[in-house]
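Structure for the following, please:
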Amino acid sequence: MAKRILNMTPKELINLSKEEIIDAIAGSEGRVLASETIGITIPLLSDVTNAEFAASMGADMILLNMFDVQDPVILGLPQSDRQETVRKVKQLTGRMVGINLEPVDDAAASENAETLWAMSAGRYATVENAALAQKMGVDMIVLTGNPGNGVSNDAIVSSLRAISAEIGDKIVLAAGKMHASGVIGEGGENIITKEDIRLFAEAGADVILMPAPGTVPGITTEYIRELVSYAHSLGKLTITAIGTSQEGADTDTIKRIALECKMTGTDIHHIGDSGYVGMALPENIMAYSVAIRGIRHTYHRMAQSVER
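The predicted model follows:
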């Protein structure tokens, strides 16, 4: 039987193959927590990266949002070779690291030109960027969209198929949206349907991403539970995501969302990066962890040295 994420040391977490990651997540029975962070904003603790801060609060995986593989920047990270940025994050946190890549609609994304979410070359969901991410040590690529970037499910399928054909045997691929991402007609229950899941699976997704219950209007526990069950029937893992700034809500709200996600049967729990800009409220990362796996596993993850 594969070792569970719950029982892995930091050094084990940063040296897993694709197959080992998938088996270890599946074996953890809905008790894996991924925390999304942004590296291009000023870290909450100034000289400590948001990735390190999130890891210290109990996250098992760090998901780097707005990470440009052609121009990698993580503010607060000690100076190192740019192509070693991801490996440096893994070394300092002792966590698996994923990144977002976006198959955006350039016309829609142009509306974000003067905002934090403005696109850059190394964030597009191209085969070249995905291959570079894999070489940099990234464990999982999530094909998704930031607010207003016009990422459609059809675009995700197209990019996913191309990326999977090139590096699908080397890296975990996740696909789906946390919100409409600026696409009219793909809000509420239309953010993801069983047909979308089928298409994602056929295109090479290992993990299907969907909104957490209570985060997007119309997304209920019952609806997501049905989609999770369908994804599992296709042999795929799932990740439920808080991508609506509710990572900045009070801890009672976070705990309720966490338990609702647990009831859907999801494999990975995601908490977003905009409690303040850059990461979830630190106390909410810990609260989420405690809600889905208790104090013992939470403190164990928080307390272990990266030297173990």
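
Who are the contact partners of residue 239?
34, 174, 176, 207, 208, 209, 210, 266, 267, 268, 269, 270 (C-beta atoms under 8 Å, 6 or more residues apart in numbering). The C-beta positions use only the backbone N, C-alpha and C, and glycine is treated the same way.

tell me the SS of the second one?
Secondary structure state of residue 174, per DSSP: H, G, I helix; E, B strand; the rest coil, is strand.

pretty sure it contacts residue 142?
Yes. Residue 174 lies in contact with residue 142 (C-beta atoms under 8 Å); the separation is 4.4 Å.

Name the residues of stretch 131-138 that come out as buried.
131, 132, 133, 134, 136, 137, 138 (16 or more other C-beta atoms under 10 Å).

Look at residue 183 and report its pLDDT.
The model reports residue 183 with a pLDDT of 61.

same question, residue 186
pLDDT for residue 186: 59.

now do residue 218
For residue 218, the predicted pLDDT is 89.

do residue 191 as well
So residue 191 comes in at 90 (pLDDT).

cool, and the one 10 residues further on?
Confidence at residue 201, expressed as pLDDT, is 98.

Spatially nearest residue to residue 85 (excluding sequence neighbours)?
residue 72 (4.0 Å; C-beta to C-beta, 6 or more residues apart in numbering).

same deal with residue 131?
Leaving aside its chain neighbours, residue 131 sits nearest to residue 167 (5.6 Å; criterion: C-beta to C-beta, 6+ apart).

coming back round to it: who wins for neighbours among the contacts of residue 239?
Highest neighbour count within the contacts of residue 239: residue 270, with 31 neighbours (other C-beta atoms under 10 Å).

what helices or strands is the helix or strand where it lies leaning on?
Using DSSP states H and E, residue 270 sits in strand 268-271. Contacts defined by 3 or more C-beta pairs under 8 Å, 6 or more residues apart in numbering; DSSP states H and E place strand 268-271 against strand 32-38, strand 237-242, helix 251-264, helix 282-303.

Give the buried residues for the third one.
Applying a neighbour-count criterion of 16+ other C-beta under 10 Å, one finds 251, 253, 254, 255, 257, 258, 260, 261, 262, 264 buried in helix 251-264.

Then the longest one?
The neighbour-count criterion (16+ other C-beta under 10 Å) identifies 282, 284-293, 297-298, 301 as the buried residues of helix 282-303.

Tell me what angle it forms with strand 32-38.
120 degrees (axes from the mean of the first three to the mean of the last three C-alpha atoms, to 10 degrees).

nearest to residue 230, of the buried residues of helix 251-264?
Residue 230 lies nearest to residue 264 out of the buried residues of helix 251-264, by C-beta to C-beta, at 11.4 Å.

hang on, that closest one packs against residue 211?
No. Using C-beta under 8 Å, residue 264 is not in contact with residue 211; the gap is 10.7 Å.

Spit out the residues that contact those two alike.
224, 240.

so the residue nearest to the spatial centre of the chain, which of the three states?
With distances taken as C-alpha atoms, centre = their mean, residue 63 lies nearest the centre of the chain, 4.6 Å away. At residue 63 the chain is in strand, as set by three-state DSSP.

quick one, what contacts it?
34, 35, 36, 37, 97, 98, 99, 100, 140, 142, 270.

Looking at the residues you listed, spot the one nearest residue 76.
Closest to residue 76, out of all of the contacts of residue 63 and judged by C-beta to C-beta, is residue 37, at 10.5 Å.

That closest one and residue 239, how far apart?
16 Å (C-beta to C-beta, to the nearest Å).

quick revisit: make a markdown table from the contacts of residue 63 and add distance to residue 56 to it.
Formatted as a markdown table, the contacts of residue 63 follow (distance: C-beta to C-beta, whole Å):
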| residue | distance to residue 56 |
| --- | --- |
| 34 | 15 |
| 35 | 10 |
| 36 | 15 |
| 37 | 12 |
| 97 | 15 |
| 98 | 18 |
| 99 | 20 |
| 100 | 22 |
| 140 | 21 |
| 142 | 22 |
| 270 | 18 |
